[in-house]
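Chemist: I would like the atomic coordinates for the input below:
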Amino acid sequence: MLDEFLKNELSFNREAGTYLFYGDDLEKNYRIALEFSAALFSRNIENEDEKSKIKDKTLRNLYSDLMVVDNLNIDTVRDIIKKTYTSSHEGGAKVFILKNIQDIRKESANAMLKIIEEPTRDNFFILISKRLNILSTIKSRSIIYRVRKSTPEELGVDKYVYNFFLGISNDIEEYKEQEIDLMLEKSYKSIAGVLKEYEKEKNIVVKIDLYKCLRNFVQESTSLKKYEKIKFAEDIYSNASKKSINLIVDYIINLVKKNKNLKEKLEYKKMLRYPVNMKLLLINLIMSI
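Modeler: This is a model prediction of the structure:
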């Protein structure tokens, strides 16, 4: 359901536009971006059945004038530029949803600036970011919309479940369909095997095991020896993709957010945006827990 801000945006009947949707819950950002896209596609259609069909196709990413990009690179940007000058398949708007805009490289960003600054008629860009701290040149050219996290009450769970999943609505909804005991611990020593399984199939059951391993490590960390912490970091590095390492670092930092050395740990999180020695970063972070 779109809120008043987005409904007002639709009422302006813009010919083109660039939006920046940002917030901690990336999956929720994406779902709302799809809903807004569906509304853009159907804004001049009065038939409710036709509107419903367009919404259904859009939410399943099957609408022919919708392009969703997970990670931008210079080749993808060039492809987008070409598509902005082609005719719409459905005779209306074309929408480009660009995820993870916070990770865009400078070369790709420079290529994007011209088309998002003054998009040609019937071209809409929805940029999705976890944070507002992105390139100022992109931010200044966008209509900014903050997507707020759902509350525990809205998601129908208690605070323990909510905090276990960091308030990520998609994970919580998937968890609610399972019968999994979140209180049952899993040893941090299992991290290598859990990560191997997670990289094969990123389902909610394995993700919960991963979170349990991380929580167990934080609980046990004060009694662990240096070599045990280093092994834990090396097990993560050896078995996790960069995307999974980002997830792990984010989760660990959220677990220790009341720690007096939080500022130092947040610096590790920022470093993930740049080319760094990932193994060294992980070891330093884990040693600081």
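Chemist: and I128, which of the three is it?
Modeler: Following DSSP: H, G, I helix; E, B strand; the rest coil, we place I128 in the strand state.
Chemist: partner residues bridging it?
Modeler: F21 (DSSP bridges).
Chemist: pLDDT at it, what is it?
Modeler: We have a pLDDT of 96 for I128.
Chemist: pretty sure it is in contact with F96, am I right?
Modeler: No. Checked against C-beta atoms under 8 Å, the pair I128 and F96 is beyond contact range at 11.0 Å. C-beta here means a position set from N, CA and C on the backbone, and glycine is covered the same way.
Chemist: ok, which stretches of the chain are strands?
Modeler: Secondary structure of the chain by DSSP state E: the strands cover 17-22, 66-69, 94-98, 123-129, 143-146.
Chemist: Tell me which of these lies nearest to S187.
Modeler: strand 123-129 (35.4 Å; C-beta to C-beta).
Chemist: Which neighbouring elements make contact with the closest one?
Modeler: strand 17-22, helix 26-41, strand 94-98, helix 106-117 (3 or more C-beta pairs under 8 Å, 6 or more residues apart in numbering; DSSP states H and E).
Chemist: again, only this time at 10 Å
Modeler: Counting contacts by 3 or more C-beta pairs under 10 Å, 6 or more residues apart in numbering; DSSP states H and E, strand 123-129 packs against strand 17-22, helix 26-41, strand 66-69, helix 74-84, strand 94-98, helix 106-117, helix 136-139, strand 143-146.
Chemist: Please save the CA atoms from that strand in CSV.
Modeler: Written as CSV, here are the backbone C-alpha positions of strand 123-129 (Å, rounded to 0.1, in the frame of the first residue of the first chain):
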residue,chain,number,x,y,z
ASN,A,123,11.3,7.3,-18.4
PHE,A,124,11.3,6.8,-14.6
PHE,A,125,14.3,5.7,-12.4
ILE,A,126,13.8,4.3,-9.0
LEU,A,127,17.2,4.0,-7.2
ILE,A,128,17.3,1.8,-4.1
SER,A,129,19.8,2.3,-1.3
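Chemist: tell me, what's touching I128 and F96 both at once?
Modeler: 68-69 (C-beta atoms under 10 Å, 6 or more residues apart in numbering).
Chemist: ok so, going back, let me have the helices and strands packed on strand 123-129 in JSON lines, extended by mean pLDDT and mean neighbour count.
Modeler: Shown next, in JSON lines, are the helices and strands packed on strand 123-129 (pLDDT from 0 to 100; neighbours: other C-beta atoms under 10 Å):
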{"stretch": "strand 17-22", "mean pLDDT": "96", "mean neighbour count": "21"}
{"stretch": "helix 26-41", "mean pLDDT": "96", "mean neighbour count": "21"}
{"stretch": "strand 66-69", "mean pLDDT": "96", "mean neighbour count": "18"}
{"stretch": "helix 74-84", "mean pLDDT": "90", "mean neighbour count": "14"}
{"stretch": "strand 94-98", "mean pLDDT": "96", "mean neighbour count": "25"}
{"stretch": "helix 106-117", "mean pLDDT": "83", "mean neighbour count": "16"}
{"stretch": "helix 136-139", "mean pLDDT": "86", "mean neighbour count": "15"}
{"stretch": "strand 143-146", "mean pLDDT": "96", "mean neighbour count": "14"}
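Chemist: Just tell me which of those ends up closest to K257.
Modeler: Here helix 26-41 is closest among those (C-beta to C-beta), at 18.9 Å.
Chemist: any idea how far the closest one is from the chain center?
Modeler: Computed by C-alpha atoms, centre = their mean, to the nearest Å, the chain-centroid distance of helix 26-41 equals 13 Å.
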